[in-house]
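Trainee: Here is a sequence together with a model predicted from it:
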Amino acid sequence: MSKIGIADTTFARVDMGAVAIKELKKGASVTIKRYIVPGIKDLPVASKKLIEEQKCDIVMALGMPGPKDMDKQCAHEASSGLIMAQLITNTHIIEVFVHEDEAKDERELKWLAESRTREHAQNVIKLLFRPKEFEKEVGMGKREGFEDAGPARL
Amino acid sequence: MSKIGIADTTFARVDMGAVAIKELKKGASVTIKRYIVPGIKDLPVASKKLIEEQKCDIVMALGMPGPKDMDKQCAHEASSGLIMAQLITNTHIIEVFVHEDEAKDERELKWLAESRTREHAQNVIKLLFRPKEFEKEVGMGKREGFEDAGPARL
Amino acid sequence: MSKIGIADTTFARVDMGAVAIKELKKGASVTIKRYIVPGIKDLPVASKKLIEEQKCDIVMALGMPGPKDMDKQCAHEASSGLIMAQLITNTHIIEVFVHEDEAKDERELKWLAESRTREHAQNVIKLLFRPKEFEKEVGMGKREGFEDAGPARL
Amino acid sequence: MSKIGIADTTFARVDMGAVAIKELKKGASVTIKRYIVPGIKDLPVASKKLIEEQKCDIVMALGMPGPKDMDKQCAHEASSGLIMAQLITNTHIIEVFVHEDEAKDERELKWLAESRTREHAQNVIKLLFRPKEFEKEVGMGKREGFEDAGPARL
Amino acid sequence: MSKIGIADTTFARVDMGAVAIKELKKGASVTIKRYIVPGIKDLPVASKKLIEEQKCDIVMALGMPGPKDMDKQCAHEASSGLIMAQLITNTHIIEVFVHEDEAKDERELKWLAESRTREHAQNVIKLLFRPKEFEKEVGMGKREGFEDAGPARL
C-alpha cells in the first residue's frame, strides 16, 4: 500500500493536515504518516525524514506563511529547501502554502486553506495512481484554491 | 535513439508540451517521455526523474509563471532547482518559462508560449545533434519567442 | 541521554543560549553542548559540527539579526544554510532568530529574545520527547515570542 | 598542456568567446574547448561538463544578461549555479557577465564586453600559470572592463 | 602547527590579507597560506581549495563589495557559496566583507577594512585556540569594525 507523508505546522491557522488526510483517504486506499513541526522552515527536513526514515512515497508539505516581509522570506527559504529535498530523494513533495494575505479575512483564509489543500491532495492521488488524468489538464490554467485561470483564448 | 524528456504543468495556460513534441519530431527522430505535474515548483524533481529513472538525454522544462510577486518568487525557486538538477546529473534541462505578464493579452500569450517553445525545441535538437550550428549564432543576440536583439552595432 | 546543541553568537544583544539551556533543563533531563561563534552566518557550520562531531540529536541556532538591509540579507543566507545543514544531516535545527527591528526598544527586545527562545526550547523538548503534544497545537496559529495568532475564525 | 573551457551563449550580443580565445592564446600556450549554449542559465551545467567530461583545468563562463528585472533574476540564478559548480569540482569558473544596462549604447556595450573579457582572460592565465602576479594587485581596486577604482586613499 | 588560509581579492581597495596575516601572527604561532583571486565570487572555491587541497584548519575570506545593486547581488551569491563550502567541509570560513558604502569616504573605508579584519582575525584565533573566551562575549552585541552595539538594556 502506498504511504503518504503529511508534514504540517503549529504556526498555520487552519488544520490543513486533517483536511489533506480526509481527502486522500477519499481518493485511494493509502497509509498516512503525519509529522507536525513548529513552522514552515522546519518542513524541508521533516519531509525528507518522512521519505527516508518513514519510507513515504510522496509528501504533502502544508504551511501558512504570515503577511510580513519576513514571513515572505521564510516562505522562500522553506520552498527552496523543499525543492532541494525533492532533488536529493527523487521524490515529490507537494508544497501547499497559503499566504495569510491572499485572503481578505479569516473566513476566506479558512476556505482557501481547505480548498487548496483538497485540490492538492487530489493532485497527489493523480501523481501516485492516475498520472494519465493530468493529460487532460495540461496547459489548462489550473489553480488550486481560487478559480482556475483557464487556457489562454485566441 | 535519443530520448527527450518533456516536463510540463497543469498550471500553464497553453499546452506547451504538445508544441514541443511536434517541433522536436520535426527536427529529428527521437523518443519522447512526457511527465505532467501541477506547477513549476514540481518541475525540478520531475526533470531529474526523467533523466535518472527514464534515462532521458535532455529535458525541456515548460512552465508559465503568473504575474504576481509570489509567482515571480516561485519561478525563481523553480529555476534554481532546475540548475541544481542539471549540476547533479550533468545533463541539460532547457527551461522554457513564459511569464504571463510578458504578453499584453491572452492571444499574444498563446503566440509567445508557442513560439518560444518551438525555438527552444530547436535549441534542444542542436545541443543533441548539431552543436556546430551554434557557432554561427554565438553572440548574435538571439531571443526565443520575441524578435532577436541582434549583435551590438558599432 | 539525549544531547542538545546550542549554537549562538557574540553579535546577539541578549544571552539567548543561557535562556535556552535553563528552559531545556526544566523540560527534560538532557545533555547540552554549547558552541559560540561570532555571527549568524557562522551558525550553519557550527550547527552541523554539533550534529556530526558532537553527536547532538537536535540543535538550537540562536541569533539576532540587525535592522539594516544588509543584516536582513545575512539572516536570509544563514537561514538557507541552516535548512541545507538539516537536509544533509536529517536532523532538526530549530532556528531562533529575533530581528532587532521586531521590538520597539531594548527592553522589549530583551523580553522578546527571552520569550521566543523559551518557547522554542519547549518545541525542542516536544520534538524530541513528546511529539504527540503537537497534535493539539497543529493549525492553531502558534507564535513564539509575541502573542499567538490563533486559529482562523469563521 | 593546460586546457581551458569557454562556455558562451547565443543570447549575448557580442562574440565574447572569440575575444577570450584570442587573448588566452596570446598569454600562454593552451588548449581551448568551446561549448556554446542558448542562455546564461545553461552555463552552469555546460561549465561543469567542460570540467568533468572534457577535463578542462579552468573555465570562462561568458554571458550578457538583459536589462529587465527578469534578466537580473536569471543572472543571479546563473551566478549561484556557477559557484555551486565550482564547489563540486574544486575548479575555478571565471564568470564574465556584462549586463546590457551597464553600457550607455551598443558601441560601449561592445567595447565593455571585449575589454572585460580580455582582462578576465588575463586573470585566467595568472590563476593557472602566474599566481604570484596577483600579489602586486591584491587590494588595489582592480576592475575588469571599466577603469580601476584603485586603492582607498587616506 | 595550525594552518590558516587567507583568501582575498584584487577587487578590494585595501590589502586586507596583509592586515589579517599580521594580526593572526600576533595572536598565535600559525602557518599561513594565502590565495588571491580576482573578485568575491571567486572566494568560495578558493576557500574550499585552501581547506581541501592545502589542508587549512580555518579560512578567512576577505572582500570589499562595491556600492551598486549588482555588487550587493554578488556579495549575496558569494556569501551563500561560502556557507555551502563550510557545510561541505565542516570547517569555518570567516567572511570579512566590507561594503564600500558602509564608509563615508575612502579614509574611513580603509580604517573600517583594517579594523574589521583585525577583529575577525582575533575571532579566528579564539575559534581555533581559545573558544572559552567567547563565553564572556556571547550575547554582548559585539560588532567587528564599528563600535559594539552592546547588550540590550532594561
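Mentor: Ah, there it is. Numbering: from 1, shown residues only, chains lettered A, B, ... in the order given.
Trainee: Tell me where chain A has helices.
Mentor: For chain A, the helices defined by DSSP state H cover A:16-27, A:43-52, A:69-89, A:106-129.
Trainee: Next, the angle helix B:69-89 makes with the third one.
Mentor: Translated: helix A:69-89. Direction vectors for helix A:69-89 and helix B:69-89, defined by axes from the mean of the first three to the mean of the last three C-alpha atoms, to 10 degrees, enclose an angle of 30 degrees.
Trainee: re earlier: now tabulate the helices of chain A in CSV and tack on mean pLDDT, mean neighbour count and distance to chain C.
Mentor: For glycine as for every other residue, the C-beta is placed from the backbone atoms N, C-alpha and C. Compiled in CSV, these are given as follows (pLDDT from 0 to 100; neighbours: other C-beta atoms under 10 Å in any protein chain shown; distance: least, C-beta to the nearest C-beta, whole Å):
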stretch, mean pLDDT, mean neighbour count, distance to chain C
helix A:16-27, 98, 19, 6
helix A:43-52, 98, 25, 4
helix A:69-89, 97, 22, 4
helix A:106-129, 98, 20, 4
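Trainee: Mind checking these for the one nearest to residue B:76?
Mentor: Nearest of those to residue B:76, taken as C-beta to C-beta: helix A:69-89 at 8.0 Å.
Trainee: Just want the phi and psi numbers for the closest residue to residue A:15 other than its chain neighbours.
Mentor: Setting aside the residues directly before and after it, residue A:15 is nearest to residue C:139 in space (C-beta to C-beta, 6 or more residues apart in numbering or on different chains), at 3.4 Å. Note on residue C:139: its backbone torsions stand at phi 70, psi 20 [degrees, to the nearest 10].
Trainee: do you know how far residue C:139 is from chain D?
Mentor: Relative to chain D, residue C:139 is positioned 34 Å away (criterion: C-beta to the nearest C-beta, to the nearest Å).
Trainee: show me what contacts that residue?
Mentor: Remark: with contacts taken as C-beta atoms under 8 Å, 6 or more residues apart in numbering or on different chains, residue C:139 is in contact with A:8-10, A:12-18, C:151.
Trainee: on that earlier part again, let's have the helices of chain A in a markdown table, adding distance to chain D.
Mentor: Formatted as a markdown table, the entries for the helices of chain A read as follows, by distance: least, C-beta to the nearest C-beta, whole Å:
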| stretch | distance to chain D |
| --- | --- |
| helix A:16-27 | 30 |
| helix A:43-52 | 18 |
| helix A:69-89 | 11 |
| helix A:106-129 | 26 |
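Trainee: so which of these comes closest to residue D:24?
Mentor: Residue D:24 sits nearest to helix A:69-89 of all those, at 34.7 Å, using C-beta to C-beta.
Trainee: Now do the closest one: distance to the chain's middle.
Mentor: On the basis of C-alpha atoms, centre = their mean, to the nearest Å, helix A:69-89 is displaced by 13 Å from the centre of the chain it belongs to.
Trainee: center of chain A, which residue is that?
Mentor: Central residue of chain A (C-alpha atoms, centre = their mean): residue A:96, 2.8 Å from the mean position.
Trainee: which residues does that one bridge with?
Mentor: Here residue A:96 shows beta-bridge partners residue A:62, assigned using DSSP bridges.
Trainee: Relative to chain C, how far out is it?
Mentor: The value you get for residue A:96 to chain C, if C-beta to the nearest C-beta is used, is 12 Å.
Trainee: got the contact list for that residue?
Mentor: The neighbours of residue A:96, taking C-beta under 8 Å, 6+ apart as the test, are A:16, A:20, A:60-63, A:116-117, A:120, A:144.
Trainee: again, only using 6 Å
Mentor: A:62, A:116-117, A:120 (C-beta atoms under 6 Å, 6 or more residues apart in numbering or on different chains).
Trainee: For residue D:82, state which of the contacts of residue C:139 is nearest.
Mentor: When those are compared against residue D:82 (criterion: C-beta to C-beta), the nearest one is residue A:9, at 34.5 Å.
Trainee: Identify the residues contacting that closest one.
Mentor: Applying C-beta under 6 Å, 6+ apart, we find residue A:9 in contact with A:37, A:39, A:63.
Trainee: same deal with residue A:57?
Mentor: By C-beta under 6 Å, 6+ apart, the residues touching residue A:57 are A:2-3.
Trainee: if I read this right, residue A:10 contacts residue C:142, doesn't it?
Mentor: Yes: look at residue A:10 against residue C:142 with C-beta atoms under 6 Å: they come within range, at 4.1 Å.
Trainee: picking that back up, how close does the residue nearest to residue A:15 get to residue A:18?
Mentor: Using C-beta to C-beta, to the nearest Å, one obtains 8 Å as the distance from residue C:139 to residue A:18.
Trainee: coming back round to it: how about the helices of chain A, which one is nearest residue D:45?
Mentor: The closest approach between residue D:45 and any of the helices of chain A, judged by C-beta to C-beta, belongs to helix A:69-89 at 13.8 Å.
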